[in-house]
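**Q** Coordinates for the following, if possible.
(one chain, ligands or ions: 1)
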Amino acid sequence: MGKYETVLLDADMTLLDFRRSEREALSKVLAAHGLPHGGGVLSAYSEINDGLWKAMARGKTTQSALVVERFARLVKLLGSHEDPEVLNREYEQGLGREGYLLPGAMEFCQRLRDGGLELAIATNGLPAAQWGRYRGTGLDRVVPHLLVSVELGAQKPQKEFFDRALEALGAADRSTVVMVGDGLETDILGADRAGIDTVWYNPEGRPLAGPAVPTYTVSSYDEICALLLGGRLT
Ligand SMILES: [Mg+2]
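**A** Next up, the predicted model:
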C-alpha cells in the first residue's frame, strides 16, 4: 500500500485554469460597464490581484478587503468612477460560470480516485466562484469534497485551515495526508505548518523561493500519480 490515503488538492492552476476564467469573467464585466477590456487592462488587473493575494498570504490584508480593493485600484488606473463593490460582485458571479479544467486534470483526479485515494479540493477561492466551477466542470463527480476557506473560517497558509479541513474529512492520522498544489506561499507553506507532507506542482519549472520547503516537487500529473499511487494495487 502507498503511504497516503487522503489527498488535498488545490483548485486554481492545479486543477482549474483560473487564468482563463479570470480573463473571460473580467472582460465581460468591464465590457458591460463600457470600460476598456483589452489584454493590457487584463494584465494590469492580474498584477494587482496577484499582489493582493500574496499580501493576504503574508497577513497584510483580508479576503473581504482585497476583493474590493483590486477593483478600486483598477478603476483608478482606468480613470473611471464605477463602484468597485459592484464590479467585484458581478465579477465573482461571472467567475462561477467560467470554469475550465487544465488539460488532463479530470483524468488525473480519476486515476487518483480509482487508485483508492480519498480526494478533497482545498481552496482559498471565493465560495460562489469555487462551487460554480466545481460543479460546472464536473469535478464534483470525481472529487467528493470541496473545502473553501471562507466556509472553514481560515485560509491557506494558516494552520487552522488544514486542521479544520482534516476534521471535516475525518482524517485523524496526518502522516497519511498529502497536499498537492502550485502555491508555495499557500499550499506548501500552510500544509507544512500543519504537519502534512506536500507535493509542489510546478509545471512551469519556477525556482524554489521563500520559506516553503516542499516534500516533493513535480512537473506533471503523471509524476504525481506515480508518487501517490506507487506500490498501490490499481
Ligand atoms: Mg493554486
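
**Q** Enumerate the positions of the longest helix anywhere in the chain that are buried.
**A** Taking DSSP state H as the criterion, the chain has its longest helix at helix 39-57. Neighbour counts over helix 39-57 (16 or more other Cβ atoms under 10 Å) mark 41, 42, 45, 48, 49, 52, 53, 56, 57 as buried. Any C-beta I mention is one placed from the backbone N, CA and C, and that applies to glycine too.

**Q** Domains in this structure, by residue range?
**A** If you go by automatic domain parsing, the domain ranges for the chain are 6-17+100-229, 18-97.

**Q** Buried deepest among these, which one?
**A** Most buried of those by mean neighbour count (mean count of other Cβ atoms under 10 Å) is domain 6-17+100-229; its value is a mean of 19.

**Q** Alongside the ion, which residues does this protein contribute?
**A** 10, 12, 13, 182, 183 (Cβ under 5 Å from the ion).

**Q** how does it look with 8 Å?
**A** 10, 11, 12, 13, 14, 18, 123, 181, 182, 183, 186, 187 (Cβ under 8 Å from the ion).

**Q** Output the contacting helices and strands for the helix or strand just after the longest helix of the chain.
**A** As assigned by DSSP states H and E, the chain's next helix or strand after helix 39-57 is helix 63-78. For helix 63-78, the packing partners by 3 or more Cβ pairs under 8 Å, 6 or more residues apart in numbering; DSSP states H and E come out as helix 39-57, helix 84-97.

**Q** can you list these in TSV and add mean pLDDT and distance to residue 202?
**A** Below are the helices and strands packed on helix 63-78 laid out as TSV (pLDDT from 0 to 100; distance: least, Cβ to Cβ, whole Å):
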stretch	mean pLDDT	distance to residue 202
helix 39-57	92	17
helix 84-97	94	25
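
**Q** Reformat those as CSV; add distance to residue 109.
**A** Output for the helices and strands packed on helix 63-78, formatted as CSV (distance: least, Cβ to Cβ, whole Å):
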stretch, distance to residue 109
helix 39-57, 24
helix 84-97, 20
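
**Q** just so I know, which of those helices lies nearest residue 72?
**A** In terms of Cβ to Cβ, the element of those nearest to residue 72 is helix 84-97, at 4.2 Å.

**Q** contacting residues around the helix or strand just after the closest one?
**A** Where DSSP H and E defines the elements, the next helix or strand beyond helix 84-97 is helix 105-114. Helix 105-114 is touched from outside by 7, 9, 15-16, 119, 137-139, 142-143, 221, 224-225, 228-229, 234, with contacts defined as Cβ atoms under 8 Å, 6 or more residues apart in numbering.
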